[in-house]
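**Q** here is my input, please return the structure:
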Amino acid sequence: METWQAYCLIRLCRPAPLTRPSRLLFTLENPHAASFPLEHHCQPVCRRQRHPRPHAFAAESADLATGQVMDTVVVSGSRIAHPSQEVPASIDVVDSARIQEGQIRVNASEALAAVPGLVVQNRQNYAQDLQISSRGFGARSAFGVRGVKLISDGIPASMPDGQGQAATFNLDTAERIEVLRGPFSAIYGNHSGGVIQLFSKDGQNPPSVELNVTGGSYGTSKVDLTAQGQAGGIGYVLDGSRFRTDGFRDHSAATREQAFGKITVKPNADSKLTIVANSLHQGNTQDPLGVTWATFAANPRAGEIDTTDTQNPKRTFAERYNTRKSIDHQQIGATYEQAFGEDRLHVTVYGGNRDVIQYQAFNKGFQAPPKHSGGVVDFQRQFYGIDTNWLHVNQLAGGKLSTTIGIDYGRSSDDRTGYENYIGNGFGVKGKLRRDEQDVVSSLDPYIQAEWQSGPWLLSAGVRYSKMKVAVNDHFLSNGDDSGSLEFSHTTPVLGLLYKLTPSVNVYASAARGFEAPTLNELFYSGTGSGFNYQLKPATSTNLEAGIKARINSNTHLNAALFQIKTSDELVVDQSSGGRTSYRNGGKTLRQGMEVSLDSSLPYGFTTKVALTSLHAVYDQAFGSVREGSRLPGVPSANLFAELAWKDTLDRFGAALESVASNQIYAEDSNSEKPAPGYTVFNARVNAKQNAGKWRFKEFARLNNLFDKTYVGSVIVGDSNKRYYEAAPGRNWLLGASAQYSF
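**A** Numbers count the residues shown, from 1 in each chain. From the prediction side, this is the model:
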C-alpha cells in the first residue's frame, strides 16, 4: 500500500501537559479518503515510549520545535486528500491560528486577507455582508457574495443561483479554510470563479469549556462560549456568540448572534457520521449606504445628505429612510462517509430557511416604473439539497487511478414580497404592497473526476454538467403578469497536469471552461422597466493557469502562478437607482495576472508571509459607452499582504506587524468617475498564553491602521447616483481575553 510521511505536533507522550509539543512521525495510509480526519488513518508512534497511542491529533503547517514550514493536506479541487504541494491548482490553507489568534472572529476578511488572488473587503456595513472576489469574479456584487462558491463543512453557503453569505461562517469553531482559485474551481459548477471552504473542528478529549471576551473601538464587543469534547464515542462542539458594534460610519450599528453545533459519530472503524447545525440572527442591522466622492472627502464617516428632505437640518438618506436589514438564518446538514478499503461512499444532505426584511432608501418622489417593487424587500426562503459521490481506486498503466462519480442537487424557494417604504409622510415603514411572487431555483449537476498518479506525474481531469432552472409565479397582477421560467446549462471540463521536477519542486498546468448564470437578484429587473429580465444569458469563461510549488529549503515555501481568463457575455450593471438594479450582458473580458505567496521561518522565532497579486482585468470588447480596454470595476490591478511575526520557543508570547496594500479601484464600467485611490495600511498585534493546571488563558491586543490613514475600503459598483464609496475605519483597537478549562 502506498504511504507517505509527514510531521505533526501532538501532546501525548506524558500524562501531564508538556511544556513543549513533542514532534512525532506518523505514516498515513490510504490518503485518498478525503474527508476522514487524519487520525482515522494514522498510527502515531511516540519516540520516547516507542508504542502506539490511540489519540486524536491534527496536522499542522509548521513544526514549532524545529522552525520548519510544513506542507498541509487539502481536499478542495481534487476531492482526494493530498499535500497542497501535489495539487495542480492554486490553493491556500488558512489555519486555525490565523483565523482565531489576535482576531475578533466576526468577518472572514480578517483571515482571508493573507490569500493571494482574493480581494476580501469589510464594507463596514453588516447589512450587506463582505465583498469577496477571486481573480475578479464576484467584484460586481453590491451585496452578499456571488461568483465565488462558499462551502462550510461540506454544506453550501451559496444558494443554487450562486448567491452566498459569508456571514454564515462560524469562525469561532473553524479548524481551517481552504481557498481554491483558477481552473479547478470550475469542477464545483455554477458561480465557481473561486471556492472558499471552511472546515470546523471535531470534538476531542479532554472535554473543555472556553469563554472569549473581546472589546474595541466604535462600541465593538463580542462574547463567545464554546464547549467541546467526546462522550461515549460521540464528539461534540457547541458554540454561541453575540457581537455588537456602533459602527465606524454613521448609521452602521449592528448586532449579530450566532449558534453552532457539531456531532461526530464513528459507527465503526471505516465510517463516520457528522451532523452540523448553525444559526445566524441579525436584528435591525443599520445600512449606512454609499456616498459620493465629495461627501467622502469632506467626512469619511458621514452619510449622504438627502437634499429633498423637508426637515431642517436635512437628514442623510440612511437616517431619513432608516435603512436597515433583519436576517434570520438556520440550517442543518449531515454527512455520512463509508470506506470500503480504498474506495469510499460520501453522502451529504442539508436544509434550512432564511428570512430577510430590508428597508431601502427608495425616494418617495422618484417616478418609479410600474414594475418597481418598492423600498422594502421581504422574503422567506426554504432550501435543501444533497451531494453524493463514490470514489473508486484501482491500478492502471503502472499508476494509481482514483475516480470520483457524483451528483449534486440543490433547491431554494422564496416567498417574496415588496412594499413601499412610506405611509403618507412617514418614511422607513412598510407601506403599500408592490410585489408578491414565488421564486424557485433548482440545480442538478452530475460530475466525474479522475486522477492518475505514477512516479513524478499526476494527471487530473473532470467534467461537470450544470443545469439551473428558475421559475417565477407572480401573484401581484395589477402591473402585469411576470410569471415565467428560465433554464441555463453548461458543461465545464477541467484538466490538470503536475510534474515533480525534484522532491522539493513541482510544476503544473491546468485549463477549464467556467459558467456563471445570473442570480435571482440580477434577474429581478430589466433595463426597460418591463419587470423580470428573461433576456439575460450566463457568462462563460476559458481559464488557463501554469505554476510552480517549491520548498526552497526546510524553512521556506514558494508558490507562484500565471493565469489568463477570457469571458464572454460578462454580466454587468445596466442601471442602478432608487433601490433597483438591473443587469445586462456586457461583451468580452480579459483577465491576466500573477500570484505569488512566500512563507518562511527565520531564526529566533521569526516568520514571514507575503501574498502578492497582479491582475490586468479589462473589457476586451467595447459595448455601449464602455471602451475596449476599460478596467473592470471593483478589481484592483495589484494588492499585497505582508507579515513579520515572532513567537517565543515556548509559545507563551507573540507579536506581528502586518501590511495590506491595494492599487486604485474603479467603481463603474466606463472608468470615467473618480476611482477609489490605492492605499497601504499597517496593523500590529501582540498575544500571550498561560497555563495553570487545567486552565489555559490567552490575551491579545490589536491595533489596526497604525498611521490613521483615510481611505476607501470598498466600492458599490455601478451606482447611478454616484454614491460608490464606502470608507474604511481610521486607527482602531481590539482587546481580547479567553479562559479555557479542560476536564
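**Q** use CA for all of it now, contacts and neighbours both
**A** Will do.
**Q** for the closest residue to F427 other than its chain neighbours, grab phi and psi.
**A** The shortest distance from F427 to any non-neighbouring residue, by C-alpha to C-alpha, 6 or more residues apart in numbering, is to Y321 (5.3 Å). Backbone torsions of Y321, given as degrees, to the nearest 10, read phi -100, psi 0.
**Q** could I get the buried residue list for stretch 446-461?
**A** Within stretch 446-461, the residues that qualify as buried are 446-453, 457-461, counting by 16 or more other C-alpha atoms under 10 Å.
**Q** just how off-centre is it within its chain?
**A** Put simply, stretch 446-461 sits 27 Å off its chain's centre (C-alpha atoms, centre = their mean, to the nearest Å).
**Q** residues in contact with that stretch?
**A** Applying C-alpha atoms under 8 Å, 6 or more residues apart in numbering, the external contacts of stretch 446-461 come out as 78, 88, 187, 396, 398-408, 462-466, 493-501.
**Q** again, 6 Å this time
**A** With C-alpha atoms under 6 Å, 6 or more residues apart in numbering as the test, stretch 446-461 has contacts from 399-407, 462-465, 494-500.
**Q** one more: stretch 595-610?
**A** Stretch 595-610 is contacted from outside by 67, 116, 555-561, 611-613, 641-648, using C-alpha under 6 Å, 6+ apart.
**Q** please redo it, this time with the cut-off set to 8 Å
**A** The contact list for stretch 595-610, computed with C-alpha under 8 Å, 6+ apart, reads 67-69, 114-117, 555-562, 611-614, 640-649.
**Q** what ranges does the stretch 501-650 of the chain have for its helices?
**A** Per DSSP state H, counting those that start in this stretch, the stretch 501-650 of the chain has helices spanning 520-523. These are given in chain order.
**Q** give the contact list for S402.
**A** Counting by C-alpha under 8 Å, 6+ apart, S402 has contacts H32, L391, H392, V393, N394, A450, E451, W452.
**Q** repeat that with 7 Å
**A** L391, H392, V393, N394, A450, E451, W452 (C-alpha atoms under 7 Å, 6 or more residues apart in numbering).
**Q** and the fifth one, what's its pLDDT?
**A** Yep, that's A450 we're talking about. On pLDDT, A450 comes in at 96.
**Q** that one and P83: what is the separation?
**A** Counting by C-alpha to C-alpha, to the nearest Å, the gap from A450 to P83 is 17 Å.
**Q** could you pull up phi and psi at S208?
**A** S208 has phi and psi values of phi -150, psi 160 when expressed as degrees, to the nearest 10.
**Q** all helices for the stretch 151-300 of the chain, in order.
**A** Under DSSP H, counting those that start in this stretch, the stretch 151-300 of the chain gives helices at 293-298.
**Q** can you give me the strands in it?
**A** Taking DSSP state E, counting those that start in this stretch to define them, one finds strands in the stretch 151-300 of the chain at 155-156, 174-181, 194-200, 208-216, 220-231, 234-245, 254-265, 271-286.
**Q** ok, what's across the strand from Y447?
**A** Following DSSP bridges, Y447 is listed with bridge partners G406, R464.
**Q** for the residue nearest to F427, give me its contacts.
**A** A361, F427, G428.
**Q** ok, G351 next?
**A** Counting by C-alpha under 7 Å, 6+ apart, G351 touches Q331, I332, G333, F383, Y384, G385.
**Q** what's the helix or strand containing E726 in contact with?
**A** E726 belongs to strand 725-727 when assigned by DSSP states H and E. For strand 725-727, the surrounding residues in contact (C-alpha under 7 Å, 6+ apart) are 123, 290-293, 300-301, 711-716.
**Q** what packs against the helix or strand just after that strand?
**A** Counting by DSSP H and E, the next helix or strand C-terminal to strand 725-727 is strand 732-742. Strand 732-742 sits against strand 208-216, strand 695-704, with contacts defined as 3 or more C-alpha pairs under 7 Å, 6 or more residues apart in numbering; DSSP states H and E.
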